[in-house]
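Undergrad: output the structure for:
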Amino acid sequence: HVLALAKSSSPGPKRPRRSRQSAMARARDVVDDEQEEGWGATKRITPALLKKLSKEQELYTTPELNDKLYLHYRGFERIEGLEKWTGLKALWLEGNGFGKIEGLGELTNLRCLYLHQNCIRKIEGLQVCSKLATVQLSNNRIKTLENLSVLPYLSTLQLANNILKDADDLRHLLACPNISVLDLQNNQLDDADILDVLAAMPNLAVLQLQGNDVISKIPSYRRTVISRCKSLMYLDDRPVFEEERLAVAAWAVGGLPAEREERRRQREEKEKAHRRNLDAMKHLMRRGAPDVVDRTDAAANGGDESMDEGTKERSACGRGNATRSEPRTEQALYSSALKALEAKRAALLQKKAEAKAVQGHFDDAPEMVSSSKQPPSEQQQAQQQPPANLEFIPSANFAGCKQGFVFQAGPSGIGYYIDQKAKGSPPSNTMAAHGSTASASCLPPAAHFHGAASAQIVEQISGNVAAVDCVAQGCGDDGAAMAAATVGSEDLDELD
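TA: This next block holds a predicted model:
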């Protein structure tokens with residue numbers, strides 16, 4: 001005691017008054033909660049607790065406006081205090097200590113009720129909740145089914161881990177024709193007569209019977225249950241497909257041989273359906289091929305003259321692809337390939353001959369190339385001057401530029417024709433100084449070369465390289481035409 005007084009009299013750090021007040025407030029709240037619940041007293045559903053839970057679950061403060069409420073795992077022993085919650089449609093009450101279903105007299109709109117993991121021994125107190133569609137009563141102490149006929153909309157009933165034993169305990173299910181999901185796992189069912197009750201349920205689609213001794217007492221359990229329950233779609237751990245149902249129906253009539261025959265028939269039917277799909281696909285492919293052939297033939301008949309070699313080759317290739325599906329002999333394939341090869345070879349030989357002709361004319365006039373690059377002397381210009389009254393000078397080869405004349409092929413043959421455009425213009429004494437301009441006037445106009453073949457250009461120029469040099473210097477379009485006539489090395493490589 002003396003030590004305590006000395007310690008209290010010694011100066012120490014002062015605590016803030018606000019922190020002490022908040023700690024005292026929290027302590028008062030704890031004391032109030034303990035007094036409300038009581039040490040060791042029964043936990044009850046009170047309005048104050050419901051208000052607190054509404055705040056925790058973020059519900060409306062007005063009870064009538066809420067359509068769900070969670071009261072699970074609270075340790076309650078009695079259902080009460082829900083008179084104002086008339087708008088509830090789903091109520092969770094699992095994990096408590098309820099021994100009786102009560103306190104639901106005002107919940108007329110309730111659709112789902114979860115009462116599993118409690119201590120309920122009897123189904124009762126649901127007369128007002130006529131709109132219930134789902135009732136969860138697993139993990140209770142229920143021994144028989146009763147008082148469910150007042151629920152006309154009941155479709156899901158879960159009764160796993162109860163104390164149901166025989167067919168009499170389940171016979172009340174016949175008063176609930178709308179039940180489609182029934183869970184009876186891990187009960188004490190050992191009476192094979194329960195199949196009579198289950199078979200009489202018209203809408204039963206999902207059935208759970210695992211964990212019951214009755215499974216071992218029913219021969220061919222899965223086949224028997226499927227054959228008896230005609231609307232069943234899911235049994236225990238896997239669904240019931242239409243193929244299995246047909247096989248079970250055959251088994252019920254003729255045993256295992258009939259079932260094997262039915263499964264063989266199903267396999268053959270699947271194979272036939274697969275073959276039909278393949279045949280239909282092949283038919284679509286064959287039906288689409290003539291359209292390609294018709295379009296190709298129409299293009300070939302309508303514009304053979306205007307089509308170039310590349311277009312014709314593509315059309316021929318399209319016809320070949322379109323008729324590829326038709327059976328052809330080896331000789332026909334060989335003949336077709338040989339014809340295509342000969343046609344390609346002929347086209348390449350023709351290109352090679354034209355290229356050789358152009359190159360030959362260039363090789364025959366090396367001296368003319370060197371002389372054409374030098375400006376003509378005055379004596380040569382005087383010799384080249386034609387008489388004033390002459391309109392045509394025949395000449396098989398190009399012999400240089402003549403003022404006022406154009407070298408071309410005309411009605412009188414190949415030679416120098418008077419230039420109608422330059423006629424009447426004053427004579428120029430600067431022809432030697434402007435050799436490119438004078439030479440350009442001696443050549444045919446650019447339009448004369450457009451559209452002409454290589455052999456025609458060679459005949460008009462007659463192998464004179466001076467004209468080629470003139471075109472390259474002064475006549476852009478003509479130079480392009482002559483350059484195009486000498487292209488073809490890639491085709492020659494392909495021919496080789």
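Undergrad: please report the distance of residue 132 from residue 280.
TA: 52 Å (C-beta to C-beta, to the nearest Å). Bear in mind the C-beta positions are built from the backbone N, C-alpha and C, glycine included.
Undergrad: hmm, I typed the wrong one, I wanted residue 208.
TA: 43 Å.
Undergrad: which of the two has more neighbours?
TA: residue 208 (19 against 10; other C-beta atoms under 10 Å).
Undergrad: thought the more buried one was touching residue 236?
TA: Yes: with contact defined as C-beta atoms under 8 Å, residue 208 reaches residue 236; the gap is 6.2 Å.
Undergrad: where along the stretch 251-400 of the chain do the helices fall?
TA: Under the criterion DSSP state H, counting those that start in this stretch, the stretch 251-400 of the chain carries helices at the ranges 309-322, 330-363, 366-372, 378-384.
Undergrad: could you tell me the least trusted of those?
TA: Out of the helices of the stretch 251-400 of the chain, helix 366-372 stands lowest, with a mean of 45 (criterion: mean pLDDT).
Undergrad: wouldn't residue 417 be in contact with residue 392 here?
TA: Yes: here residue 417 reaches residue 392: they are 5.7 Å apart, a contact under C-beta under 8 Å.
Undergrad: the two: who's more crowded?
TA: Ranked by neighbour count (other C-beta under 10 Å), residue 417 and residue 392 place residue 417 first, with 18 against 15.
Undergrad: so which helix or strand takes in that one?
TA: Counting by DSSP states H and E, the element that carries residue 417 is strand 413-418.
Undergrad: next one: phi and psi at the closest residue to residue 76 other than its chain neighbours?
TA: Setting aside the residues directly before and after it, residue 76 is nearest to residue 96 in space (C-beta to C-beta, 6 or more residues apart in numbering), at 4.5 Å. Main-chain dihedrals, residue 96, degrees, to the nearest 10: phi -120, psi -160.
Undergrad: and the end-to-end length of stretch 113-133?
TA: 9 Å (C-alpha to C-alpha, to the nearest Å).
Undergrad: how about stretch 149-166?
TA: Using C-alpha to C-alpha, the span of stretch 149-166 from its first residue to its last is 20 Å.
Undergrad: tell me the buried residues in it?
TA: For stretch 149-166, a neighbour-count test (16 or more other C-beta atoms under 10 Å) marks 151, 154-162, 164-166 as buried.
Undergrad: how about stretch 267-276?
TA: For stretch 267-276, using 16+ other C-beta under 10 Å, no residue counts as buried.
Undergrad: cool, and stretch 167-178?
TA: So, applying 16+ other C-beta under 10 Å, buried residues of stretch 167-178: 167, 169-173, 176.
Undergrad: out of the residues you listed, list just those in helices.
TA: The helices, defined by DSSP state H, take in 167, 169-170 from these.
Undergrad: if we can go back for a sec, and the buried residues of stretch 149-166, which is closest to residue 121?
TA: Closest approach between the buried residues of stretch 149-166 and residue 121, by C-beta to C-beta: residue 162, at 9.7 Å.
Undergrad: with adjacent residues omitted, what lies nearest to the closest one?
TA: residue 142 is the one closest to residue 162 (C-beta to C-beta, 6+ apart), at 4.4 Å.
Undergrad: what is the burial count for the one you found?
TA: Residue 142: 20 neighbours (other C-beta under 10 Å).
Undergrad: that one falls within a strand, correct?
TA: No: when classified by DSSP: H, G, I helix; E, B strand; the rest coil, residue 142 is found to be coil rather than part of a strand.
Undergrad: check contacts around it.
TA: For residue 142, the contacting residues are 120-123, 159, 162-164, by C-beta atoms under 8 Å, 6 or more residues apart in numbering.
Undergrad: please apply the same query to residue 178.
TA: When contacts are counted by C-beta under 8 Å, 6+ apart, residue 178 touches 152-155, 203.
Undergrad: any chance of those residues in JSON lines, with distance to residue 54 and pLDDT too?
TA: Below are the contacts of residue 178 laid out as JSON lines (distance: C-beta to C-beta, whole Å; pLDDT from 0 to 100):
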{"residue": "152", "distance to residue 54": "32", "pLDDT": "94"}
{"residue": "153", "distance to residue 54": "28", "pLDDT": "95"}
{"residue": "154", "distance to residue 54": "29", "pLDDT": "96"}
{"residue": "155", "distance to residue 54": "30", "pLDDT": "96"}
{"residue": "203", "distance to residue 54": "38", "pLDDT": "94"}
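Undergrad: quick check, nearest of these to residue 113?
TA: Residue 113 lies nearest to residue 154 out of the contacts of residue 178, by C-beta to C-beta, at 10.4 Å.
Undergrad: identify the residue nearest the closest one in space, chain neighbours excluded?
TA: Using C-beta to C-beta, 6+ apart and skipping the chain neighbours, the partner closest in space to residue 154 is residue 176 (5.4 Å).
Undergrad: isn't that neighbour up against residue 150?
TA: No: using C-beta under 8 Å, residue 176 is not in contact with residue 150; the gap is 9.8 Å.
Undergrad: residue 250: which element?
TA: Going by DSSP H and E, residue 250 is in helix 242-302.
Undergrad: quick one: mean pLDDT for that helix?
TA: Averaged over helix 242-302, pLDDT sits at 83.
Undergrad: can you tell me which helices and strands it packs against?
TA: helix 221-228, helix 309-322 (3 or more C-beta pairs under 8 Å, 6 or more residues apart in numbering; DSSP states H and E).
Undergrad: end to end, how far does stretch 223-233 reach?
TA: By C-alpha to C-alpha, the extent of stretch 223-233 from end to end equals 13 Å.
Undergrad: in stretch 90-102, what counts as buried?
TA: Within stretch 90-102, the residues that count as buried by 16+ other C-beta under 10 Å are 91-96, 98, 101.
Undergrad: endpoints of that stretch, how far apart?
TA: With C-alpha to C-alpha as the measure, stretch 90-102 spans 16 Å from end to end.
Undergrad: identify the residues contacting that stretch?
TA: Against stretch 90-102 from outside (C-beta under 8 Å, 6+ apart): 67-80, 82, 107, 110-126, 136.
Undergrad: report the buried members of the residues you listed.
TA: Buried among the contacts of stretch 90-102 (16+ other C-beta under 10 Å): 69-72, 76-79, 82, 107, 110-118, 120-121, 123, 125-126, 136.
Undergrad: next, residue 158: phi, psi?
TA: Dihedral angles (degrees, to the nearest 10) for residue 158: phi -110, psi 120.
Undergrad: ok, it - contacts?
TA: Shown in contact with residue 158 (C-beta under 8 Å, 6+ apart): 116, 135-138, 181, 183.
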